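> Sharing a model that was predicted from the sequence below.
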Amino acid sequence: VQLVESGGGLVQAGGSLRLSCAASGRGFSSYVMAWFRQAPGEEREFVSSISRSGIATYYTDSVKGRFTISRDNAKNTVYLQMNSLKPEDTAVYYCAANSGSYYDTETSRYDDWGQGTQVTVSS
């Protein structure tokens, strides 16, 4: 599946952004979807994932209560609503598709990746 992210930008601390990831190709609803991020000089890290149906979600501790992942299988799109943004959320955000479990947090478990979208949070 091909993935294209959008919605990144520059925002002040405490602000909000909504990222979108549009998928093309067949079988979007058969994939677990996730968001990862990578700050300069850092490894890519897991942010959040969502099950195929959208019922189950999983978050890394640092974004719980601030970020919400969702998906619309009719539109082949996954979203990441980011509220109460902090400077430490600054990174390139990537969406990814996985044929396994929504508990998978390792990058090696994900088969397809988007090109990323930059999120910059100023203090």
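Yep, that arrived.
> Report the separation between Gly65 and Glu43.
24 Å (CB to CB, to the nearest Å). Using the backbone N, CA and C atoms, a C-beta is placed for each residue, glycine as well.
> swap that for Arg52, please
From Arg52 to Glu43 the distance is 27 Å (CB to CB).
> do Trp35 as well
15 Å.
> Compare these two and say which is more crowded by neighbours.
Of the pair Trp35 and Glu43, Trp35 is the one with more neighbours under other CB atoms under 10 Å, namely 26 against 8.
> What strand or helix carries the more buried one?
Per DSSP states H and E: Trp35 is located in strand 32-38.
> Pull the distance from that strand to the chain's centre.
Here strand 32-38 is found 4 Å from its chain centre; the criterion is CA atoms, centre = their mean, to the nearest Å.
> Next SSE downstream of it?
strand 45-50.
> Show me what whatever helix or strand comes next after that following strand is packed against.
Once the chain leaves strand 45-50, the next helix or strand it forms, by DSSP H and E, is strand 57-59. Secondary-structure packing of strand 57-59 (3 or more CB pairs under 8 Å, 6 or more residues apart in numbering; DSSP states H and E): strand 45-50, strand 67-72.
> which one of these has the most crowded surroundings?
With neighbours taken as mean count of other CB atoms under 10 Å, the helices and strands packed on strand 57-59 reach their highest mean count in strand 45-50, at a mean of 22.
> Contacts made by that strand with the rest, please.
32-38, 56-60, 63, 67, 69-71, 78, 80, 93, 98, 102-107 (CB atoms under 8 Å, 6 or more residues apart in numbering).
> one more time with 7 Å
32-37, 57-60, 63, 67, 69-71, 78, 80, 102, 105 (CB atoms under 7 Å, 6 or more residues apart in numbering).
> which among the residues you listed end up buried?
Neighbour-count burial (16 or more other CB atoms under 10 Å) is assigned, among the contacts of strand 45-50, to 32-37, 58-60, 63, 67, 69, 71, 78, 80, 102, 105.
> Ile10: how many residues sit nearby?
Just so we're on the same page, residue 10 is Leu rather than Ile. 12.
> partner residues bridging it?
Thr120 (DSSP bridges).
> hang on, it packs against Thr117?
No. When contacts are counted by CB atoms under 7 Å, Leu10 is not listed as touching Thr117 (12.0 Å).
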